[in-house]
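Trainee: This is a predicted model, with the sequence first.
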There are 2 protein chains.
Amino acid sequence: MSEAPASIDPSDWVCPLPLRETARVVLGHGGGGVLSEELIENLFLPAFGGRAGPARDSAVLQTGAGRIALTTDSYVVQPLFFPGGNIGDLAVNGTINDLACSGARPIGITAGFILEEGLELDVLGAIATTMGAAAAAAGVPIVTGDTKVVGRGGADQLFVNTAGVGVVPPGVEIGPERVRPGDVVIVSGALGEHGVAIMSVREGIDFGTEVRTDSAPLHRLVESMLAAGGPGVHALRDPTRGGLVASVVEIARAAAVGVELDEAAIPVPEAVASACSFLGLDPLQVANEGKMVAFVAAEAAEAVLAAMRARAEGAEAAVIGRVVAEHPGMAVTRTPFGTTRVVERELGEQLPRIC
Amino acid sequence: MSEAPASIDPSDWVCPLPLRETARVVLGHGGGGVLSEELIENLFLPAFGGRAGPARDSAVLQTGAGRIALTTDSYVVQPLFFPGGNIGDLAVNGTINDLACSGARPIGITAGFILEEGLELDVLGAIATTMGAAAAAAGVPIVTGDTKVVGRGGADQLFVNTAGVGVVPPGVEIGPERVRPGDVVIVSGALGEHGVAIMSVREGIDFGTEVRTDSAPLHRLVESMLAAGGPGVHALRDPTRGGLVASVVEIARAAAVGVELDEAAIPVPEAVASACSFLGLDPLQVANEGKMVAFVAAEAAEAVLAAMRARAEGAEAAVIGRVVAEHPGMAVTRTPFGTTRVVERELGEQLPRIC
């Protein structure tokens, strides 16, 4: 996504004074005392853009509508930095996208860190600054936060939890229970990039072409889709852990419908396909962090698809299948040879700690 | 607090079928696949009371007012179980109390777990069930959640993040900027119990009397205080990490006022005082998880105090000091001998991983 802010490298982040002489996280940074305050005032506030103050335990937000959406996600991805992003923008975008999947307009995000004693402040600073930049790019402020520090060996470098609140506009009703046979399945773009980007750095494998994470905020895309399709937009999912397959099977089960995917229509970049084939992974089960799967009424599909393609983050949107009354709770793919096969979710996961 | 639900012991929690044959957390429980769904459906949903479903990435809540409060806290306390509670009710009550400190009525809580591979499901089940019971007792549902699993050694058993949303009633304006010289400082009850309870189990020290955590939800207490004191309730703080001293110094700094505490008026139980003296801790800097410090206009103080004492969680409420124009940003205690000493926050923390 060209709109996404660049991931900041720890070597480019300069620790502002006065964070004492230490260049690393110490237990006291999580103690609620002077060191905690210094970390908030000198690292988090500048990084997040000045709204996550230490003086209150919670942030107060203006809503003005009758319904809000609330979501939470913890991020434990390893490594912390990878092609195209780091754990920080992944967390911000991921939480925005969970809200967007409810049709909500995100209005605020929290940031709760669990840090391992000894973590370099440069690493924390680079991640926090990336979060601030991602939040600013998305227009969704980080409004409050929390920091805990555990002893060396008590955690793996840095975990971050982001929770988010959004306002659901009047009349917007999105959910799997609205999915009907006849609905069209649309994906917003190419699949598999995030998972392959993580694997390439984790395993030190060079696939020829660098595959970068697709991490991106999708709330504006959803806004366009709702403007174009109105109540014809039935359900939205971001295919993160478990990939496209998990999203589609979950919707099929929740709505008690069948889903039929056209294998040839599913956009998988060449580099992702060859990396997956090399690693023995199914690209349809690899995590994405900037893609959306939409279940849309047939009569609204053309308008929604056009609205998606008009935005950078939906430029490669494609119809990939349809909802059927047959085999409720199951998804099948139709191969280019006309045969079908049942797609099943993984029992666990292909790739641990992918987000 | 007699209202609080009992902390559930892992040996009393029975793992419902069909969580497969494993009695422990495996990486796949965090993978977004079938195992994740089994964990949600068979462990979290029964524990939380059926609202935190897997079918949506975020929960939608009805508000109906124009302002909401948003808060987050991660919990990393060790050990996970301690006299009077466990990490689960600590997290639920802590998040409710952060919202209550904004004068907000809590309406929903999230639960984000980071689990170490190999954690016994009985431990997770007992903690989740305690969270569900604490949420039910407080009347605040757990509405959505997330689970990540990291490999053995990647985390210390279990961390949980809770974020919370509350509605701020029209006209309620609570914050340090409203604190004025002349305000009265009130504490809702005895100090130091949570920190001493943790230390007693962590260090295996028998102090004669068992000190139990004071973990309790305070939103109803705050509601009574606001009903009695109206706009005379200026600021509220829950003295968790850093204890009373951190709360008072932060308010003094944020409001640019001085605070004078009467040392003899501060309620510290005998068992806490002797444990602190034995351990070399300052009871005024030990964490509390079910207490509130209030800064109240002098003319409203009597009514607020009476309202607090009428509730179990405020029965021992006491006036412990006053706000002065002198020494802005600083807090002092007046000793029984009439001398004063400046109280300073710790640089880091007396006790790591206390919450």
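Mentor: Alright, I've got the coordinates.

Trainee: rest of the way, CA atoms for contacts and neighbours
Mentor: OK.

Trainee: so who does the closest residue to chain B within the stretch 101-250 of chain A touch?
Mentor: Per CA to the nearest CA, A:Ala155 is where the stretch 101-250 of chain A lies closest to chain B, at 4.1 Å. Listed by CA atoms under 8 Å, 6 or more residues apart in numbering or on different chains, the contact partners of A:Ala155 are A:114-116, B:153-156.

Trainee: Leaving out chain neighbours, which residue sits closest to A:Ile354?
Mentor: A:Val77 (5.0 Å; CA to CA, 6 or more residues apart in numbering or on different chains).

Trainee: pLDDT wise, what is the one you found at?
Mentor: pLDDT for A:Val77: 96.

Trainee: Could you do A:Phe48 as well?
Mentor: 79.

Trainee: before we move on, what about A:Pro170?
Mentor: In this model, A:Pro170 carries a pLDDT of 89.

Trainee: tally of neighbours for it?
Mentor: By other CA atoms under 10 Å in any protein chain shown, the residues close to A:Pro170 number 9.

Trainee: residues touching the closest residue to chain B within the stretch 251-355 of chain A, list them.
Mentor: Using CA to the nearest CA, A:Gly348 is the residue of the stretch 251-355 of chain A that sits closest to chain B, at 3.5 Å. Neighbouring residues of A:Gly348 by CA under 8 Å, 6+ apart: B:27-36.

Trainee: Now list the buried members of those residues.
Mentor: B:27-36 (16 or more other CA atoms under 10 Å in any protein chain shown).

Trainee: What segments of the stretch 51-200 of chain A are helices?
Mentor: A:87-100, A:121-138, A:193-203 (DSSP state H, counting those that start in this stretch).

Trainee: residues near A:Thr339, how many?
Mentor: 9.

Trainee: what does the one 3 residues further on give?
Mentor: Neighbours of A:Val342 under the rule other CA under 10 Å: 12.

Trainee: Give me the spatial nearest neighbour of it, chain neighbours excluded.
Mentor: In space, A:Val342 is closest to A:Val332, 4.2 Å off (CA to CA, 6+ apart).

Trainee: Now the residue lying closest to A:Gly28 once chain neighbours are set aside: phi and psi?
Mentor: Using CA to CA, 6+ apart and skipping residues adjacent in sequence, the residue nearest A:Gly28 is B:Gly348, 3.5 Å away. The phi/psi pair for B:Gly348 (degrees, to the nearest 10) reads phi -110, psi -110.

Trainee: tell me the most buried of the helices of the stretch 51-200 of chain A?
Mentor: helix A:87-100 (a mean of 29; mean count of other CA atoms under 10 Å in any protein chain shown).

Trainee: by how many degrees do it and helix A:193-203 diverge?
Mentor: 160 degrees (axes from the mean of the first three to the mean of the last three CA atoms, to 10 degrees).

Trainee: chain center to helix A:87-100: distance?
Mentor: Computed by CA atoms, centre = their mean, to the nearest Å, the chain-centroid distance of helix A:87-100 equals 4 Å.

Trainee: Could you count how many residues lie near the residue nearest to A:Thr340 when sequence neighbours are not counted?
Mentor: Spatially, and ignoring its direct neighbours in sequence, A:Thr340 is nearest to A:Arg334 (4.3 Å; CA to CA, 6+ apart). If you count neighbours by other CA under 10 Å, A:Arg334 ends up with 17.

Trainee: Let me know the pLDDT of A:Arg334.
Mentor: 94.

Trainee: show me the residues around it that make contact.
Mentor: A:Arg334 neighbours (CA under 8 Å, 6+ apart): A:260-263, A:340-341.

Trainee: Apply 10 Å and report the result again.
Mentor: Residues near A:Arg334 by CA atoms under 10 Å, 6 or more residues apart in numbering or on different chains: A:260-265, A:321, A:340-342.

Trainee: Specify the beta-bridge partners of it.
Mentor: On the basis of DSSP bridges, A:Arg334 is bridged to A:Asp262, A:Thr340.

Trainee: Dihedrals phi and psi, the residue nearest to A:Ile354?
Mentor: phi -60, psi 140.

Trainee: Thought A:Asn161 was touching it, still the case?
Mentor: No: applying CA atoms under 10 Å as the test, A:Val77 and A:Asn161 come out as separate, 11.6 Å apart.

Trainee: Can you give me the distance of A:Ile82 to chain B?
Mentor: Not quite, residue A:82 is Phe, not Ile. Distance, A:Phe82 to chain B, by CA to the nearest CA, to the nearest Å: 18 Å.
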